[in-house]
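In: quick one: sequence and predicted model below, then my questions.
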Amino acid sequence: MSSSVITPYSRKNPFPAHLLAQRRLTSEGSMKDTRHYEISIAGSGLNYEVGDSLGVFPQNDPVLVEEILQRLGFCGEESVADPSGERQSIRDALLRYYAITEPSKQLLSALAQQDRAAAPLAQLSAPEAYEHLEKYLWGREVIDPLLEYPHVYFTPEEFIKLLRKLQPRLYSIASSPRVYPQEIHLTVATVAYQSLGRQRFGVCSNFLAHRLTEEQSVSIFIHSAKHFRLPEDPTRSIIMVGPGTGIAPFRAFLQERKATGALGKQWLFFGEQHAKTDFLYREELETWHREGTLHRFDTAFSRDQEEKIYVQHRMLQQAQELYAWLEEGAYFYVCGDAAHMAKDVEHALVQVIERAGGHTEQQALEYVATMKKEKRYRKDVY
Ligand SMILES: Cc1cc2nc3c(=O)[nH]c(=O)nc-3n(C[C@H](O)[C@H](O)[C@H](O)COP(=O)(O)OP(=O)(O)OC[C@H]3O[C@@H](n4cnc5c(N)ncnc54)[C@H](O)[C@@H]3O)c2cc1C
């Protein structure tokens, strides 16, 4: 897609886009709420390429905003400066511009200064206390220490200065501009969890799922991912490992490779908990498999049998063929969870090369290092 059209829109000047549609990809009985979104970029001049991500500026949960206002005794109309210095009501500033979930170190120190009971919080700011800080913050939001130390008081202006800026979230784009030049599709898992006896909601994923209406606009920008492009040579085959929401860029890759009639082959490893409830984009993927856009398609549903089966197990089961694809020059792509999956997949890749290629572990590690150097091993993990 040409990037010659000049667009005035960027992270600093995001485009006010509209949501065209959303639908749940997981069904009744799933432990997860993963959704497909279609966002219009018509009239924006924005260009994107498969592999790119979309930056989304969310708004905070109004219920949480009201709870904070109430705790601090504010009516909500008090005027404060937003991060760019513009005057806003504190209600709007908390809704749109400041992070009201993860507490800042400044907030913890300010609490410690006002209430002796909160004094230990001051020590969490020290660089050597990093691990203690992480542990303290896990599952805690701004409202928690405010309620824990109910006698602490701030003026609206003081309080705002103790908060960080609300940051945009990135989402892998799940559509190809050749198929959807005026739209961007996303695959988003709605984050919800319990901690310290309260129900918590991820800011952006819940904003998209529950608060963004089709009438309202959402501020977006394109986040280019030059490290995660399709092979420049369309005759090269691609192996894609994308469990969970990691499927998103590969839906875009498959749309693109089909649209361009690329001669290389496509192999997808997809995984989730249950086939019945969590098989994201099942119909599309099975259709692509049937019609030959997907030459190989392996799934791993971890909880459909007693022993947990993940994508890395499927890779090992297919070691011979996977190695043959690599030897022919296939590119290897991974997207999704960085904490566990990406590491397990890399470990499995080394084992595949060892076993099927008859290499020692050292040689297999070097093989993978060469793939990385040649940019044939591309990751987008988060
Ligand atoms: C390049 C890139 C691409 C991405 N692509 C996608 C994508 O395609 N789809 C997708 O769904 N996401 C994707 N993400 C992740 C996405 O950007 C957000 O991080 C995610 O949606 C959560 O944002 P949120 O605002 O809903 O939650 P937040 O408000 O940011 O809350 C998440 C935070 O809550 C805390 N938390 C979560 N669970 C628990 C728990 N059980 N106990 C205690 N604390 C917890 C953690 O601190 C966690 O960081 C991508 C990220 C990157 C960097």
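Out: Thanks, I have it. Since we're looking at a predicted model, the values are computed, not measured.
In: distance of Thr213 from the ligand?
Out: Distance, Thr213 to the ligand, by Cβ to the nearest ligand atom, to the nearest Å: 18 Å. Using the backbone N, CA and C atoms, a C-beta is placed for each residue, glycine as well.
In: what's that residue in contact with, if anything?
Out: Going by Cβ atoms under 8 Å, 6 or more residues apart in numbering, Thr213 touches Leu19.
In: tell me the secondary structure at it.
Out: Secondary structure of Thr213, reduced to three states by DSSP: H, G, I helix; E, B strand; the rest coil: coil.
In: can you tell me how far it is from Ala21?
Out: The gap separating Thr213 from Ala21 is 12 Å, by Cβ to Cβ, to the nearest Å.
In: same question for Tyr281.
Out: 15 Å.
In: of these two, who's got more company?
Out: Per other Cβ atoms under 10 Å, whichever of Tyr281 and Ala21 has more neighbours is Tyr281, with 19 against 12.
In: the more buried one reaches Phe250, doesn't it?
Out: No - if you go by Cβ atoms under 8 Å, Tyr281 and Phe250 don't touch, sitting 9.5 Å apart.
In: scan the protein for its longest strand.
Out: If you go by DSSP state E, the chain has its longest strand at strand 15-24.
In: partners of whichever helix or strand comes after that strand in the sheet?
Out: Next along the chain after strand 15-24, taking DSSP states H and E as the criterion, comes strand 34-40. Strand 34-40 sits in its sheet next to strand 15-24 (antiparallel), strand 183-189 (antiparallel), going by DSSP bridges.
In: the ligand is nearest to which of those?
Out: Nearest of those to the ligand, taken as Cβ to the nearest ligand atom: strand 183-189 at 4.1 Å.
In: give me the residues contacting the closest one.
Out: 17, 20, 25, 32-41, 48, 54, 171-175, 205, 208-209, 220, 244-245, 247-248, 251-252, 280-281.
In: near the ligand, which residues of the chain are found?
Out: Proximity of the chain to the ligand (Cβ under 6 Å from any ligand atom) is limited to residues 53, 101, 138-139, 169-172, 187-189, 191, 193, 195, 202-205, 245, 248, 380, 382.
In: now which of those residues would you call buried?
Out: If you count burial by 16 or more other Cβ atoms under 10 Å, the buried members of those come out as 53, 101, 169-172, 187-189, 202-205, 245, 248, 380.
In: farthest pair in these?
Out: Within these, Thr101 and Asp380 form the most distant pair, 24.4 Å apart (Cβ to Cβ).
In: number of nearby residues for the closest residue to Leu46 other than its chain neighbours?
Out: Leaving aside its chain neighbours, Leu46 sits nearest to Thr7 (5.2 Å; criterion: Cβ to Cβ, 6 or more residues apart in numbering). If you count neighbours by other Cβ under 10 Å, Thr7 ends up with 15.
In: please tell me the pLDDT value assigned to whatever residue of the chain ends up closest to the ligand.
Out: Residue nearest to the ligand within the chain: Gly202 (2.4 Å; Cβ to the nearest ligand atom). Note for Gly202: predicted pLDDT of 98.
In: and what of Leu326?
Out: 98.
In: part of a helix, is it?
Out: Yes - using three-state DSSP, the secondary structure at Leu326 is a helix.
In: show me how far stretch 367-380 is from its chain's centre.
Out: From the chain centre to the centre of stretch 367-380 is a distance of 22 Å (Cα atoms, centre = their mean, to the nearest Å).
In: related to what we said a few turns ago, let me know the closest of the buried ones among the residues of the chain next to the ligand to Leu133.
Out: Checking those against Leu133 by Cβ to Cβ gives Thr101 as the nearest, at 15.4 Å.
In: which residue, other than its chain neighbours, is closest to that closest one?
Out: Distances taken as Cβ to Cβ, 6+ apart place Glu141 nearest to Thr101, at 4.6 Å, with adjacent residues excluded.
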